[in-house]
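In: sequence unavailable; structure follows:
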């Protein structure tokens with residue numbers, strides 16, 4: 001009612017001036033309402049999108065909506081830890097194992113680091129498939145870390 005014209009309870013905009021109307025029952029939407037329109041499974045899936053799922057994982061972990069959803073939080077942590085594993089390979093192992101481009105060991109260096117990256121990418125794909133079929137699967141190492149992180153937050 002920016003212009004004073006009466007609008008219906010479910011009308012998102014004023015028919016006279018076009019201004020956005022506050023949502024019914026929520027005149028001041030807060031950040032805790034984020035994710036109210038997303039299902040648990042979709043939130044889990046978003047956490048496993050290669051290279052950008054970490055953003056969804058952080059949003060899920062910070063969201064009030066998923067605070068008591070242990071399974072969703074597990075997948076958020078596991079997706080986040082997969083991304084950390086990717087960063088370790090990319091930022092730590094690749095430079096640490098680097099040898100000159102002219103060295104005979106160079107092809108083996110590239111094979112080792114690209115192989116680890118392919119393994120992490122395959123884990124992301126496997127987890128997308130598992131979550132889409134509503135199957136629980138704990139990856140080795142990162143799954144244990146994710147389980148521990150979820151249990152620490154519950155206590």
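Out: Noted; the coordinates are in hand. Owing to the predicted nature of the structure, the values given are computational and were not obtained by experimental measurement.

In: wait, a helix at residue 16?
Out: No. Checked against DSSP: H, G, I helix; E, B strand; the rest coil, residue 16 lies outside a helix; its state is coil.

In: so it versus residue 8, what's the distance?
Out: To residue 8, residue 16 is 13 Å away according to C-beta to C-beta, to the nearest Å. In this view, the C-beta of every residue, glycine as well, is placed from N, C-alpha and C.

In: how about residue 36?
Out: In terms of C-beta to C-beta, residue 36 sits 22 Å off from residue 8.

In: ok, back up a step: so for residue 16 and residue 8, which residue has more residues nearby?
Out: residue 16 (13 against 9; other C-beta atoms under 10 Å).

In: give the contact list for that one.
Out: 3, 5 (C-beta atoms under 8 Å, 6 or more residues apart in numbering).

In: now swap in residue 50 and tell me
Out: Residue 50 touches 121, 124, 125, counting by C-beta under 8 Å, 6+ apart.

In: what about 10 Å?
Out: 79, 82, 83, 86, 120, 121, 123, 124, 125, 128 (C-beta atoms under 10 Å, 6 or more residues apart in numbering).
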